[in-house]
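In: Below is the sequence, then the predicted model.
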Amino acid sequence: MTGIVDYNAGNIKSVERAFSALHTPFVLSKNPRDLETADRIIFPGVGDAAYAMEQLRLTGFDTFLADWAASGKPLMGICIGAQIMFDYSEEQDTKCLGLIAGSIRHFSELWNERHPNEEEHKEHAMLRNNRKVPHMGWNDVTFCGAESKLLAGIPDHSDFYFVHSYVIHPMDPAVIRGYADYGTMVPAVIEKDNLSAFQFHPEKSGEWGLRILKNYVAADNSEGGR
């Protein structure tokens, strides 16, 4: 059984539709207690980091997710859910969950670092790179690092759907399993022990996104699902 966290900041409907398409059991709840018996957790999210963290604290999911991660059971973060699994986000100077070491940085800050002798505002950096923020739409992902069970059966350089203005910047690059290019390297798939974080939206990424979710719930599928 898969538990889906509903904390008033998640892209819930599309995640529900994806799991319904997979015909696999799930429970969606705003109450952490309802998810305690799940085998794995999906932690989606849209919006901004500060609001998401506020909602997690109000619902008690901040403590629940920290305890869940420490238990060794699988936890998957998607988009904002993926970002706030890290220590800190530049978005509204937000302290995050700290489940994976690293920070979340705005595209323009990373683009400026490629020209360290230039002092530019965010708008100038965006124009110079001829790219818009947010990074929105389909982009191909290059797989790297250790083999990932979640990416099994998916061709390298497959396209996935992104919507984000901030970029995951893990302290340890060895946790990166896939990245996209958008004027800078965009870590798109992160795996560390029982934790996985996807910058793109698997639930909105067609065949290959559904394959990631299917791989995640493989134990349920082998038992026949529902």
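Out: In hand now; what should we look at? Numbers count the residues shown, from 1 in each chain.

In: what about the strands in the protein?
Out: 2-5, 26-29, 40-43, 75-78, 86-89, 94-95, 100-106, 135-143, 158-164, 166-170, 176-181, 185-192, 195-198 (DSSP state E).

In: Any idea which of those strands gets closest to residue 57?
Out: Shortest distance between residue 57 and the strands of the chain, using C-beta to C-beta, is found for strand 94-95: 10.8 Å. Heads up, the C-betas are built off the backbone N, CA and C, glycines and all.

In: Any idea which of the strands of the chain gets closest to residue 52?
Out: Nearest to residue 52, of these and by C-beta to C-beta, is strand 94-95 at 8.4 Å.

In: tell me the mean pLDDT for the closest one?
Out: Strand 94-95 carries an average pLDDT of 97.

In: the bottom helix or strand of this protein by mean pLDDT?
Out: helix 122-128 (a mean of 57; mean pLDDT, DSSP states H and E).

In: Please produce JSON lines containing the strands of the chain, extended by mean neighbour count and distance to residue 64.
Out: Formatted as JSON lines, those follow (neighbours: other C-beta atoms under 10 Å; distance: least, C-beta to C-beta, whole Å):
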{"stretch": "strand 2-5", "mean neighbour count": "24", "distance to residue 64": "8"}
{"stretch": "strand 26-29", "mean neighbour count": "16", "distance to residue 64": "11"}
{"stretch": "strand 40-43", "mean neighbour count": "25", "distance to residue 64": "9"}
{"stretch": "strand 75-78", "mean neighbour count": "26", "distance to residue 64": "10"}
{"stretch": "strand 86-89", "mean neighbour count": "20", "distance to residue 64": "18"}
{"stretch": "strand 94-95", "mean neighbour count": "15", "distance to residue 64": "17"}
{"stretch": "strand 100-106", "mean neighbour count": "19", "distance to residue 64": "17"}
{"stretch": "strand 135-143", "mean neighbour count": "16", "distance to residue 64": "30"}
{"stretch": "strand 158-164", "mean neighbour count": "20", "distance to residue 64": "24"}
{"stretch": "strand 166-170", "mean neighbour count": "22", "distance to residue 64": "22"}
{"stretch": "strand 176-181", "mean neighbour count": "21", "distance to residue 64": "25"}
{"stretch": "strand 185-192", "mean neighbour count": "22", "distance to residue 64": "19"}
{"stretch": "strand 195-198", "mean neighbour count": "26", "distance to residue 64": "15"}
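
In: can you list those in CSV and add distance to residue 208?
Out: Formatted as CSV, the strands of the chain follow (distance: least, C-beta to C-beta, whole Å):
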stretch, distance to residue 208
strand 2-5, 19
strand 26-29, 20
strand 40-43, 17
strand 75-78, 14
strand 86-89, 24
strand 94-95, 31
strand 100-106, 23
strand 135-143, 9
strand 158-164, 5
strand 166-170, 20
strand 176-181, 11
strand 185-192, 12
strand 195-198, 12
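
In: who wins for proximity to residue 54 among the ones you listed?
Out: strand 94-95 (9.3 Å).

In: what pairs with residue 95 across the strands?
Out: Beta bridges link residue 95 to residue 88, judged by DSSP bridges.

In: now it: how far from residue 170?
Out: 17 Å (C-beta to C-beta, to the nearest Å).

In: Repeat that for residue 111.
Out: 19 Å.

In: And for residue 178?
Out: For residue 178 relative to residue 170 (C-beta to C-beta), the value is 12 Å.

In: Common neighbours of these two, please.
Out: residue 187 (C-beta atoms under 8 Å, 6 or more residues apart in numbering).

In: Brilliant, that's me finished.
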